[in-house]
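Novice: could you look at this predicted model? Sequence included:
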Amino acid sequence: MAFLHGFKKNLNRAGQSIMQRTGASDKTADSEFDEEYTRFKTLEKKSEKLSKETKGYLDSLRGMTTAQTRIAQTIELFYDDSNPMGQSGADYKRTMEKLDEEARTDLDTAFRTTVLEPFGRFCSYFPEINEAVKRRQKKLLDYDTQRSKVRKLIDKPSEDPQRLPRAEQEANLAREMYENLNSILVNDLPKVVELRVPYLDPSFEALIKSQLRFAQTSYEQLEGLRHHFPPENENDQRVDNVLQQMRELTICGNF
């Protein structure tokens, strides 16, 4: 992001030579700036949403593995060593604890390093750019105010012959300050927007790889528990048999 650091230096240099004024009258329109600023604000909104959603994904993933572990710990309490399913409960608990540990260490660290932190750094430049836009707006107001003063002195000349030249000089200075900052923004805002692709692509790839790795690891670990359970059709029949036995109980007569 060397360009953005240079962008910040340019803005600081421009800001150092700017004096603050107040007032309002004639209004200067700049459709080129408006268009680029609209594109930037769209990028800012989408980028911040992406950063928020990816953080939410990691939080949800961590919440899911934690919940899986708690479920496994509770299921194990239903069985003892004499129960045929006792070993499956213990194995399931170990598997869930292993997945939770991997999510808390390897996956969490890699995801933060390759996805969350790059997204966060990209979004961290937006406040600086928005501050530059605010300075531009102040200089634009200053420029329009000075132009208005010149116009009024032309429409209604002052008895002091030096007032109009002084006003014109101040208007020219205000114009230079405004145009300097405006030029930086008009030139650099499109570059910021275009940087989104080469900057975010590696993190997007890392996001997909992280999801794939977690899914593959989960599948492999859970596949190792398959031998504890009967085929699906047979398991469905077992469930139906248990439900039928419950219906036949007196206490469940209305079940």
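Specialist: Yep, it's here. Model, not experiment: these values are computed from the prediction. Numbering: from 1, shown residues only.
Novice: could you measure from residue 180 over to residue 188?
Specialist: 13 Å (Cβ to Cβ, to the nearest Å). For the C-beta atoms, the positions are set from N, CA and C on the backbone; glycine is no exception.
Novice: higher neighbour count, the two?
Specialist: Between residue 180 and residue 188, counting by other Cβ atoms under 10 Å, residue 188 is the more crowded of the two (20 against 17).
Novice: and stretch 161-172, which residues are buried?
Specialist: 164, 167-168, 170-171 (16 or more other Cβ atoms under 10 Å).
Novice: ok, and what's touching it?
Specialist: Outside stretch 161-172, the residues within contact range by Cβ atoms under 8 Å, 6 or more residues apart in numbering are 143, 146-147, 149-150, 153-154, 157-158.
Novice: tabulate the residues you listed in a markdown table, adding columns for secondary structure.
Specialist: Below are the contacts of stretch 161-172 laid out as a markdown table (DSSP: H, G, I helix; E, B strand; the rest coil):
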| residue | secondary structure |
| --- | --- |
| 143 | helix |
| 146 | helix |
| 147 | helix |
| 149 | helix |
| 150 | helix |
| 153 | helix |
| 154 | helix |
| 157 | coil |
| 158 | coil |
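Novice: nearest to residue 123, of these?
Specialist: Proximity of those to residue 123 (Cβ to Cβ) peaks at residue 143, which lies at 31.1 Å.
Novice: does the closest residue to residue 139 other than its chain neighbours sit in a helix or strand, and which one?
Specialist: Spatial nearest neighbour of residue 139, chain neighbours left out: residue 178 (4.1 Å); criterion: Cβ to Cβ, 6 or more residues apart in numbering. In the assignment (DSSP states H and E), residue 178 maps to helix 163-194.
Novice: avg pLDDT for that helix?
Specialist: For helix 163-194, the mean per-residue pLDDT is 92.
Novice: next, the buried residues of the very next helix or strand once past that helix.
Specialist: Going down the chain from helix 163-194, the next helix or strand is helix 196-223, by DSSP H and E. For helix 196-223, the neighbour count (16+ other Cβ under 10 Å) marks 199-200, 203, 206-207, 210, 214, 217-218, 221 as buried.
Novice: the inter-axis angle of helix 196-223 versus helix 163-194?
Specialist: Angle between the axes of helix 196-223 and helix 163-194 is 30 degrees (criterion: axes from the mean of the first three to the mean of the last three Cα atoms, to 10 degrees).
Novice: packing partners of helix 196-223?
Specialist: The criterion is 3 or more Cβ pairs under 8 Å, 6 or more residues apart in numbering; DSSP states H and E, and the helices and strands that helix 196-223 contacts are helix 31-76, helix 86-102, helix 108-111, helix 117-124.
Novice: which residues does the shortest one contact?
Specialist: Outside helix 108-111, the residues that touch it by Cβ under 8 Å, 6+ apart are 58, 62, 206-207, 210.
Novice: tell me who's in contact with residue 173.
Specialist: By Cβ under 8 Å, 6+ apart, residue 173 lies in contact with residue 146.
Novice: and the contacts of stretch 161-172, which of them are buried?
Specialist: 143, 146-147, 149-150, 153.
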